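Peer 1: need a 3D model of the sequence below.
(2 chains)
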Amino acid sequence: MASLTLEVVTPERTVFRETVDHVVLPTVSSGEIDILPGHIPLMTIIEPGALRFFKDGEPDSIAIDKGFIRVYADTVSVLTEAAIEVEKIDASQADEARRRAEEALAKATEEGADPAILEELETKARFAVLQKIIADNKRM
Amino acid sequence: MPNTRDIRNRIKGVKNTAKITRAMQLVASSKMKRAQERAMERRDYSWLMSRMIAAIEEQLPEGLHHPFLDEREVITHCVLVFSTDRGLCGPLNANLFREIARFDRGTTAFVTVGRKARQFVTRTKRTLLADFPVSEEARFSEIRPVAEFLIEGFNRGDFDALDVLYPRFKNTLVQVPTSVQMLPMTDFRARLDEFKDDSGIDPLQDLRSFLFEPEAEVILDQLLDLFFKQQIYRIALDARASEHSARMVAMKAATDNAKKLTDQLTLQYNKARQAAITQEILEITAATLHS
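Peer 2: Residues are numbered from 1 along each chain as shown, chains lettered A, B, ... in the order given. Now for the predicted structure:
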């Protein structure tokens, strides 16, 4: 059976590179799209969310931040600034991170902090919540 | 002639210092190795990004246009400085500060990473826009707010040009304080080519033409933000590698000096000891002769 190579690349390193059956991407412009082997070359933007893929019929997912996708010659390359494999998400740690981020956010809003810092905190909170959701789904 | 006990104490002190500087040298050298590995690991990202930009470029026959790329009249200037948090790294920071002094006080504002640069900028009463704490590892998540702050400032028109000043890693012994113009990216093409050169040709081949969703312009618009962040990150890693190698070299010199000093002091100590013994013998013989 034809297969796809999925790679997730962040500025720090390549987090993930494996052969998979097909990939479901949360795109900005047309919702979730399913990429199957033989897809035409495509470039698109994805929303922060779960990147789901199927390997030997088994579903799995990676949490990713906003990023770009290139589908080229049966290779799905994800260019993103942050990614985390679900296996590595420790639910309690994600909880903790989310709590810290929200606390800092609340405090910063009170004090009327710099918008740049506020946005950074918001991103952190969003990402932490996301990890939590995915980890919960995984357990069910 | 100083007495033997004083010399002995000094020898002990120097030896202890040498132990410390030797330890710092080893720590710095392992950190430098790590920093160089990190610089290798980030290559995939640069490579993929350059492939994406290249594909978009094929789509846009009239060339690339973006606020980051188009030149504008420069009234105010911003300089991002990468320095170290701690000292004991030889002339690294001093060389960097000499470059800071070259920028015009009136029209230049600074953004600093590293305690030393912040201190220098505030002490010399220059304008400091922001200071970002970045840990020794310089993770991307720490560099990101810095880059986002700069993008925002540039888009808002707080400044019209951005330079980055950092100690460029040439080799273990040489770090050159370098200032690069980052925004607008007048040498965007050269930068892009640089990736292609060190990464080779795309091993994958697909002859069908690309589908863009949304349009190529929109993707490019957002991709350039990432490109900018990636460039800043690359420089941050470079600056860290420079810091560690500068510290390693400085500490090696300090250890060597300490060794030399110990040798000299030991010689002095032996002479003093010998002189004391000779003196004693002289006194004894003189006493026996007189009795």
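
Peer 1: going by C-alpha atoms from here, please, whenever you check contacts or count neighbours.
Peer 2: OK.

Peer 1: quick one, domains of chain A?
Peer 2: Domain segmentation of chain A under automatic domain parsing yields A:4-86, A:89-139.

Peer 1: quick one: the longest one to chain centroid distance?
Peer 2: Average the C-alpha atoms of domain A:4-86, do the same for its chain, and the two points are 8 Å apart (CA atoms, centre = their mean, to the nearest Å).

Peer 1: ok, back up a step: ok, of the domains of chain A, where does mean pLDDT dip lowest?
Peer 2: Among these, domain A:89-139 carries the lowest mean pLDDT, a mean of 68.

Peer 1: mind listing the strands for the chain?
Peer 2: In the absence of a named chain, this looks at chain A. A:4-9, A:14-20, A:22-27, A:31-35, A:42-46, A:49-55, A:58-64, A:67-72, A:75-80, A:83-85 (DSSP state E).

Peer 1: I was thinking of chain B, sorry if that wasn't clear
Peer 2: B:77-82, B:108-113, B:127-132, B:161-169, B:175-183, B:211-213.

Peer 1: can you put the strands of chain A in JSON lines and add distance to chain B?
Peer 2: Below are these laid out as JSON lines (distance: least, CA to the nearest CA, whole Å):
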{"stretch": "strand A:4-9", "distance to chain B": "6"}
{"stretch": "strand A:14-20", "distance to chain B": "7"}
{"stretch": "strand A:22-27", "distance to chain B": "9"}
{"stretch": "strand A:31-35", "distance to chain B": "11"}
{"stretch": "strand A:42-46", "distance to chain B": "5"}
{"stretch": "strand A:49-55", "distance to chain B": "18"}
{"stretch": "strand A:58-64", "distance to chain B": "14"}
{"stretch": "strand A:67-72", "distance to chain B": "6"}
{"stretch": "strand A:75-80", "distance to chain B": "7"}
{"stretch": "strand A:83-85", "distance to chain B": "11"}
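
Peer 1: columns mean neighbour count on top of the ones you listed, output as TSV?
Peer 2: Listed next are those as TSV, based on neighbours: other CA atoms under 10 Å in any protein chain shown:
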stretch	mean neighbour count
strand A:4-9	22
strand A:14-20	16
strand A:22-27	21
strand A:31-35	14
strand A:42-46	23
strand A:49-55	19
strand A:58-64	19
strand A:67-72	23
strand A:75-80	25
strand A:83-85	20
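
Peer 1: with distance to A:D95 added, can I get those in CSV?
Peer 2: Converted to CSV, these look like this (distance: least, CA to CA, whole Å):
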stretch, distance to A:D95
strand A:4-9, 24
strand A:14-20, 22
strand A:22-27, 24
strand A:31-35, 27
strand A:42-46, 24
strand A:49-55, 17
strand A:58-64, 15
strand A:67-72, 24
strand A:75-80, 23
strand A:83-85, 15
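
Peer 1: just so I know, which of the ones you listed lies nearest B:T288?
Peer 2: B:T288 sits nearest to strand A:14-20 of all the strands of chain A, at 87.2 Å, using CA to CA.

Peer 1: which elements pack onto the closest one?
Peer 2: Contacts defined by 3 or more CA pairs under 8 Å, 6 or more residues apart in numbering or on different chains; DSSP states H and E place strand A:14-20 against strand A:4-9, strand A:49-55.

Peer 1: could you list the residues of chain B in contact with chain A?
Peer 2: Counting by CA under 8 Å from any CA of the partner chain, chain B comes close to chain A at B:38, B:41-46, B:48-49, B:52, B:139-140, B:145, B:148-149, B:204-206, B:208-214, B:219, B:223, B:230, B:233.

Peer 1: just the buried ones from those residues, in PyMOL syntax?
Peer 2: Buried residues among the residues of chain B next to chain A (16 or more other CA atoms under 10 Å in any protein chain shown), as a PyMOL selection:
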select buried, chain B and resi 38+42+43+44+45+46+48+49+52+139+140+145+148+149+210+211+212+213+219+223+230+233
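
Peer 1: out of the strands of chain B, which comes closest to A:E103?
Peer 2: Judging the strands of chain B by CA to CA, what sits closest to A:E103 is strand B:127-132, at 20.7 Å.

Peer 1: what pairs with the closest one, parallel or antiparallel?
Peer 2: Sheet pairing of strand B:127-132 (DSSP bridges) gives strand B:108-113 (parallel).

Peer 1: who's in contact with the partner strand?
Peer 2: The contact list for strand B:108-113 (CA atoms under 8 Å, 6 or more residues apart in numbering or on different chains) reads B:76-84, B:118, B:121, B:126-134.

Peer 1: re earlier: would you turn the domains of chain A into a markdown table with distance to B:A258?
Peer 2: A markdown table is the format used below for those (distance: least, CA to CA, whole Å):
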| stretch | distance to B:A258 |
| --- | --- |
| domain A:4-86 | 39 |
| domain A:89-139 | 47 |
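
Peer 1: so which of the ones you listed is nearest B:K12?
Peer 2: Per CA to CA, nearest to B:K12 of the domains of chain A: domain A:4-86, 45.0 Å.

Peer 1: thinking again about what came up before, out of the contacts of strand B:108-113, which end up buried?
Peer 2: B:76-84, B:118, B:121, B:126-128, B:131-132, B:134.

Peer 1: ok, what's across the strand from A:P59?
Peer 2: A:F54.
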